[in-house]
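Colleague: using only what follows, build the 3D model:
(chains A, B and C)
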Amino acid sequence: MIDFEKKLNPRQWEACSYIEGPLLILAGAGSGKTRVITHRIAYLIEVMGVKPYNILAITFTNKAATEMKTRVLKLVEEGAEDVWVSTFHSMCVRILRRFYNKIGGQNNFTIYDADDQKAVAKEAVRDLKLDEKQYTPKGMVAAISKAKEDLLSPEDYMARELGNFRGEQIARVYKEYEKRLEKNNALDFDDLLNKTVQLFMECPEVLDLYQTRFRYIMVDEYQDTNNAQFVLVKLLAAKHRGLCVVGDDDQSIYKFRGANIGNILNFEDEYPDAEVIKLEQNYRSTGNILNAANAVIANNVGRKDKSLWTDREAGEKLKFTAYESDREEAAGVAKRIILQSKAGRQNSDMAVLYRTNAQSRAIEESLVREGIPYRLVGGTGFYDRREIRDLVGYLKSIANPADDQSLARIINVPRRGIGDSTVQKMREYADQHGMSLFDVVANIQNVGVAGRSAGKVEAFADMMKGFREEAEKGNLHLLYMDILEKTDYRNLLLEENTEEARGRVENIDELGNKIAEFEMENEDATLLSLLEEISLVADTNDDDGNEKDRVTLMTLHSAKGLEFPVVFMVGMEDQLFPSKMALESDDPDAEEEERRLCYVGITRAMDILYLSMAKQRILNGVFTYPKKSRFIDEIPKNLMETTGAKVDDGFAASVSNVADSISRGKTKARGDQGDKYYDEWGGSTFQKKKEKGSYAGDMYVSGKPKEKKTDFVLNYKVGDQVRHIKYGRGTVLGIIPEKEDYEVTVRFDSAGEKKMFASLAKLRKV
DNA sequence: GAACCCATCATTTTT
DNA sequence: TGATGGGTTC
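Modeller: Just a heads-up that it's a prediction; the model follows:
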């Protein structure tokens, strides 16, 4: 039996053992929050005799969920695998896969990610004939997502925006967007939450099922919950009120994606009988670091009163350096990393934190120069890679025939002669007849809309049907191999024989490995569960580099929840951090959120914290001359020393392991940078000619130059009546001979005057 | 239909 | 600076 009281401090123990009613644990940075949650779960099971089955623990990230689960399994002797430890989103998927049909949905829905969302939004805007410059996909998705977070339907939204022209238009886009998702049998991330809420509201028996089951509910990072999540938790906990939320209002840094700090600040209003326990002892940082953090965050108003303390020694002072330029800052960081590692620190003990991803480049360059291995967190992830999205598109389309979006993505990839205009026509037909795109594709002969491509479309339909049969058999890896083979996707890349293509092939093989792995780990793996894993557990860093001991580079946001003995916070400049956007915002909380972010950054450091700025920085291609961040001024002078900025000229590099530190040749996050440096160090060109590799471009057309028709004969002349495949009838106004072609001007009866090339326009004399 | 050129525009991000 | 998208050119 665990000796709980011995393993926890008095406050932690109190938080662990209070189970009478709603409980708010205000857990400061480094105060042993996860320890409390896991022990609480153990306490419920081992001491209170609660069935693991009756416990639910909700986190935000899969990483947190996995870690929690592992720790609970270690702690509890038996039955811990029956505890539901899950992210909000996977929990909702699990519920919806079972009951979505109760509110009129299909349980095999597809999950749309940000890119799918943008594509749908774009179509919606286009369909409504709105100005695409003014109503950008990104903006539309943001507005829709915001609406959904507040549980507003398109109608609600319209009602709210009545009289506001732009708002009304967005409401129309939202409505159109919803229509499309529904037609495609797809849910976006917000829907996962909202539809679950809807299900609970409309089907009391389903709600009751889960309410009865989950006697004890724990929510981690409660300050990050949005309104939908708040409602969801409220519904779930309404019966037993065994709700325990853990969070830190000072670490709320996700307002921009809907987090409502009010949820934690007003917890006691929502649950008047709630017990509040503060965890203020910090086990992570030195006294100086902690005091600096406390001093900075004290400048925020409207926070829960708390103050972290530690019984650790004061430690080294914080070090602030103002470098002359961003390059020097990067060089200075590299130099200090080297000094630290000479002093015995592991690279993996160190992290460089910055406000924006764009700042990583300069740091990366100097680390490469010095041969310091690093790990870049964030940026473009594995599942964002084009080839991976394509192949996942196949899988999605196979799993959900109604998913027009995925089908449209892959129908001509690799190129198989089903061009845009054919797809366009088929989609129009589908829309008009209430069919899915695949319905049209599969019945192309009857529909007769594909013209000369009909054969190609038919072959494609047969191939897809074959994949579905293969999918039925249940072996996912075989299915994947089958797709690669029948589509020729992998081979076409290999034939291309470029470094970039080889990187893509590696990624494709990596996805194959992941699928095989997934099958081994999950006995009852299905195509749907695989896709769910891919959508919800898209791990952005799969670093399989041989070098384990690497410095971590990431944004302040992604650093939340982590700790490092040595931390560098770079770019401590007003306008950058706090960001220009925040400073110019009319929302008074914007600057406070930046300050919280600063607090998060400072509290990542265990022993040593370096802060720095550059007096000259290239931002968006322009030179700027920043001032020191106001946050620096908020750190008491006695805790921080300002150090000189002198650095060696940075080029005393050891070239030896440069290659290793940039994850060789593999196309990854910032993929082509690898090549750039390769060449630099290889002594040839500094920057390779850009391989813009648009798909249809050099990627699939492997080195076979297109044959130009040199002796092109026109069977019409100026004044003739001709017919065009798209524009219909028209009169030829002029013919200008070009190198290997003719530019023909035609006035069409309906479409007006057009210029086109004879070789492509395929005009027929009438 | 696809390569290429030019204008534009830039936080933070998980699910 | 760089990525991206639209328009132009063959």
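
Colleague: can you list the residues of the stretch 501-650 of chain A near DNA strand C?
Modeller: Those residues of the stretch 501-650 of chain A that sit near DNA strand C, judged by Cβ under 7 Å from any atom of the strand, are A:I618, A:N620, A:G621, A:V622. No exception for glycine: its C-beta is placed from N, CA and C like everyone else's.

Colleague: scan chain A for its longest helix.
Modeller: Of all the elements of type helix in chain A, the one with the most residues (DSSP state H) is helix A:499-521.

Colleague: CA atoms of that helix as PDB?
Modeller: What follows is the C-alpha trace of helix A:499-521 in PDB, where atoms were taken according to Å, rounded to 0.1, in the frame of the first residue of the first chain:
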ATOM      1  CA  GLU A 499      17.100  14.200 -52.900                       C
ATOM      2  CA  GLU A 500      13.700  15.700 -52.200                       C
ATOM      3  CA  ALA A 501      11.800  12.800 -53.600                       C
ATOM      4  CA  ARG A 502      13.900  10.300 -51.600                       C
ATOM      5  CA  GLY A 503      13.000  12.300 -48.500                       C
ATOM      6  CA  ARG A 504       9.400  11.900 -49.400                       C
ATOM      7  CA  VAL A 505       9.800   8.200 -50.000                       C
ATOM      8  CA  GLU A 506      11.400   7.900 -46.600                       C
ATOM      9  CA  ASN A 507       8.300   9.600 -45.100                       C
ATOM     10  CA  ILE A 508       6.000   7.300 -47.000                       C
ATOM     11  CA  ASP A 509       7.900   4.300 -45.600                       C
ATOM     12  CA  GLU A 510       7.800   5.800 -42.200                       C
ATOM     13  CA  LEU A 511       4.000   6.100 -42.400                       C
ATOM     14  CA  GLY A 512       4.000   2.400 -43.300                       C
ATOM     15  CA  ASN A 513       6.000   1.600 -40.200                       C
ATOM     16  CA  LYS A 514       3.600   3.600 -38.100                       C
ATOM     17  CA  ILE A 515       0.700   1.700 -39.500                       C
ATOM     18  CA  ALA A 516       2.300  -1.600 -38.800                       C
ATOM     19  CA  GLU A 517       3.200  -0.500 -35.300                       C
ATOM     20  CA  PHE A 518      -0.300   0.700 -34.700                       C
ATOM     21  CA  GLU A 519      -1.600  -2.700 -35.700                       C
ATOM     22  CA  MET A 520       0.700  -4.500 -33.400                       C
ATOM     23  CA  GLU A 521      -0.200  -2.300 -30.500                       C
END
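
Colleague: can you pull the contacts of the closest residue to A:N101 other than its chain neighbours?
Modeller: Once flanking residues are discounted, A:N101 sits nearest to A:N107: 5.5 Å by Cβ to Cβ, 6 or more residues apart in numbering. For A:N107, the contacting residues are A:L96, A:R97, A:R98, A:F99, A:Y100, A:N101, by Cβ atoms under 8 Å, 6 or more residues apart in numbering.

Colleague: state the helix or strand in which the residue nearest to A:A114 when sequence neighbours are not counted lies.
Modeller: Counting by Cβ to Cβ, 6+ apart, the nearest residue to A:A114 once its immediate chain neighbours are dropped is A:V141, at 7.0 Å. Element membership for A:V141, per DSSP states H and E: helix A:137-149.

Colleague: send the alpha carbons of that helix over as CSV?
Modeller: The C-alpha trace of helix A:137-149 is given here as CSV (Å, rounded to 0.1, in the frame of the first residue of the first chain):
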residue,chain,number,x,y,z
PRO,A,137,-10.3,30.7,-45.6
LYS,A,138,-8.2,31.3,-42.5
GLY,A,139,-10.4,34.1,-41.3
MET,A,140,-13.5,32.1,-42.0
VAL,A,141,-12.3,29.0,-40.1
ALA,A,142,-11.2,31.2,-37.2
ALA,A,143,-14.7,32.8,-37.0
ILE,A,144,-16.5,29.5,-37.4
SER,A,145,-14.3,27.9,-34.8
LYS,A,146,-15.0,30.8,-32.4
ALA,A,147,-18.7,30.5,-33.0
LYS,A,148,-18.5,26.8,-32.3
GLU,A,149,-16.5,27.3,-29.1
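
Colleague: and the helix or strand that that helix is followed by, how far out from the chain's middle?
Modeller: Using DSSP H and E, the helix or strand that follows helix A:137-149 in sequence is helix A:154-161. Relative to the chain's own centre, helix A:154-161 is displaced by 28 Å; criterion: Cα atoms, centre = their mean, to the nearest Å.

Colleague: what is helix A:154-161 packed up against?
Modeller: Secondary-structure packing of helix A:154-161 (3 or more Cβ pairs under 8 Å, 6 or more residues apart in numbering; DSSP states H and E): helix A:137-149, helix A:165-183.

Colleague: and it, what's buried?
Modeller: For helix A:154-161, the neighbour count (16 or more other Cβ atoms under 10 Å) marks A:P154, A:Y157, A:M158, A:E161 as buried.

Colleague: could you do stretch A:94-111 as well?
Modeller: Quick answer for stretch A:94-111 (16+ other Cβ under 10 Å): A:I95, A:L96, A:F99, A:Y100, A:I103, A:G105, A:N108, A:F109, A:T110, A:I111.

Colleague: do stretch A:344-361 as well
Modeller: For stretch A:344-361, the neighbour count (16+ other Cβ under 10 Å) marks A:345, A:347-355, A:357, A:359-360 as buried.

Colleague: same check, this time on stretch A:401-409
Modeller: A:P401, A:A402, A:D403, A:D404, A:Q405, A:S406, A:L407, A:A408, A:R409.

Colleague: ok so A:L235 is a strand residue?
Modeller: No: the assignment for A:L235, made by DSSP: H, G, I helix; E, B strand; the rest coil, is helix rather than a strand.

Colleague: and it, what is it in contact with?
Modeller: A:V197, A:F200, A:M201, A:L207, A:Q211 are the contacts of A:L235 under Cβ under 8 Å, 6+ apart.

Colleague: what's the answer for A:M613, then?
Modeller: By Cβ under 8 Å, 6+ apart, the contact set of A:M613 is A:320-323, A:329, A:570-573, A:626, A:628-629, A:632.

Colleague: any idea what it is bridged to?
Modeller: Following DSSP bridges, A:M613 is listed with bridge partners A:A322.

Colleague: hmm, stretch A:403-415 in reach of DNA strand C?
Modeller: No: using Cβ under 7 Å from any atom of the strand, stretch A:403-415 stays clear of DNA strand C, with a minimum separation of 13.6 Å.

Colleague: surely the residue nearest to A:A114 and A:K118 touch.
Modeller: Yes: counting by Cβ atoms under 8 Å, A:V141 touches A:K118, with 5.6 Å between them.

Colleague: looking at these two, which is more packed in?
Modeller: A:V141 (23 against 16; other Cβ atoms under 10 Å).

Colleague: in chain A, which residue sits closest to DNA strand C?
Modeller: A:G621 (2.0 Å; Cβ to the nearest atom of the strand).

Colleague: so how far is the helix holding A:V141 from its chain's centroid?
Modeller: For helix A:137-149, the separation from the chain centroid amounts to 15 Å (computed by Cα atoms, centre = their mean).

Colleague: and what of stretch A:410-419?
Modeller: Stretch A:410-419 sits 27 Å away from the centroid of its parent chain (Cα atoms, centre = their mean).

Colleague: try stretch A:181-190
Modeller: Relative to its chain's centre, stretch A:181-190 lies at 18 Å (Cα atoms, centre = their mean).

Colleague: please work out the average pLDDT along that stretch.
Modeller: Stretch A:181-190 comes out with an average pLDDT of 93.

Colleague: how about the strands in the stretch 551-700 of chain A?
Modeller: With strands called from DSSP state E, counting those that start in this stretch, the stretch 551-700 of chain A shows them at A:551-555, A:564-569, A:605-614, A:617-619, A:622-624, A:640-643.

Colleague: you'd agree A:N108 is up against A:A399?
Modeller: Yes: contact criterion Cβ under 8 Å: A:N108 and A:A399 qualify, at 6.9 Å.
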